[in-house]
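Q: Prediction below, plus the sequence it came from.
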Amino acid sequence: MGGSQSLKTVRRAFEVLDLLWELDGATASELADYMELPNSTVYDYLQSLTETQYVRRTDRVYHLSTRFYTVAGKMKHRDRLFRIAKPEMKRLASETGELIGLTVETDGKALILHEEEGAQALSLGTYPGAVIPLHTTAAGKTILAYLSDERVAALVEERGFTRQTEKTISDPERLREELARVRENGYAVDWDEQVLGMGMVAVPIIVDERVLG
């Protein structure tokens, strides 16, 4: 019973962090209203999170602290793929003038691990740490193309077909055809599927049988 209660406490603490992110800061009473909990309960969570330095307080308003930057930065620079890929990405960005991205799969979604901007790079609204549906972007499709049919079907059933634009793939059969083309050509493209007016090209990077975009 005690263990179950402890897990509930941990989950609720993360709910507080998620809400602080979504609301871009809030008072204890505002969070209590959203979570339908007593003010005193939410205040205790905020006090504990402030003590861990993951939350900061300015007057009566609580925000996520910059400690998240520190942790995320350490995780990124600890990643061997990032350390190896960064110099090559900088070279490509310099030679092409375009935006060069490195994408990996996490929890069935595409995570942008790193980006390098060339002189002519246009802003796509993406950034390192952004998570987007795999089927909506060239990099995500290169990852899907090298997963098993069973894994792709499971992801489609679990995640569905979130549409970023009217051009986003929203049909299982069309996705299967697209992934077959990616395997045949060795690269993927998307035109207006993630951002209207933009086109992207991606190739797979296969590391120990793990496919990255």
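A: Thanks, I have it.

Q: Determine the number of other residues adjacent to G160.
A: By other Cβ atoms under 10 Å, the residues close to G160 number 11. Where C-beta positions appear, they are placed from N, C-alpha and C, glycine not excepted.

Q: Now do the buried residues in the helix or strand where E173 lies.
A: E173 is part of helix 172-185, with elements assigned from DSSP states H and E. Using 16 or more other Cβ atoms under 10 Å as the test for burial, helix 172-185 gives L175, E178, L179, V182.

Q: what packs against it?
A: helix 138-145, helix 149-159 (3 or more Cβ pairs under 8 Å, 6 or more residues apart in numbering; DSSP states H and E).

Q: repeat that with 7 Å
A: helix 138-145 (3 or more Cβ pairs under 7 Å, 6 or more residues apart in numbering; DSSP states H and E).

Q: Name the next helix or strand following the host helix or strand of F14 along the chain.
A: Here F14, judged by DSSP H and E, is contained in helix 2-23. As assigned by DSSP H and E, the chain's next helix or strand after helix 2-23 is helix 28-35.

Q: So what touches the helix or strand following that following helix?
A: As assigned by DSSP H and E, the chain's next helix or strand after helix 28-35 is helix 39-51. Helix 39-51 is contacted by residues R12, A13, V16, A28, S29, L31, A32, M35, V55, R56, R57, Y62 when judged by Cβ atoms under 7 Å, 6 or more residues apart in numbering.

Q: one more time with 8 Å, if that's ok
A: 12-13, 16-17, 28-29, 31-32, 35, 55-57, 62 (Cβ atoms under 8 Å, 6 or more residues apart in numbering).

Q: and what of stretch 14-31?
A: 34-35, 39, 42-43, 45-46, 49, 54-55, 60-64.

Q: Now it: average pLDDT?
A: The average pLDDT for stretch 14-31 rounds to 96.

Q: remind me which residues of this protein are low pLDDT?
A: Low-confidence segments of the chain (pLDDT under 70): 1-6, 208-213.

Q: How is it divided into domains?
A: According to automatic domain parsing, the chain comprises the domains 2-65, 73-212.

Q: Quick check on the residue nearest to the spatial centre of the chain: phi, psi?
A: The residue lying closest to the centre of the chain (Cα atoms, centre = their mean) is V131, at 2.0 Å. Note on V131: its backbone torsions stand at phi -120, psi 130 [degrees, to the nearest 10].

Q: picking up where we left off before, which one of the contacts of helix 39-51 sits closest to L124?
A: L17 (27.1 Å; Cβ to Cβ).
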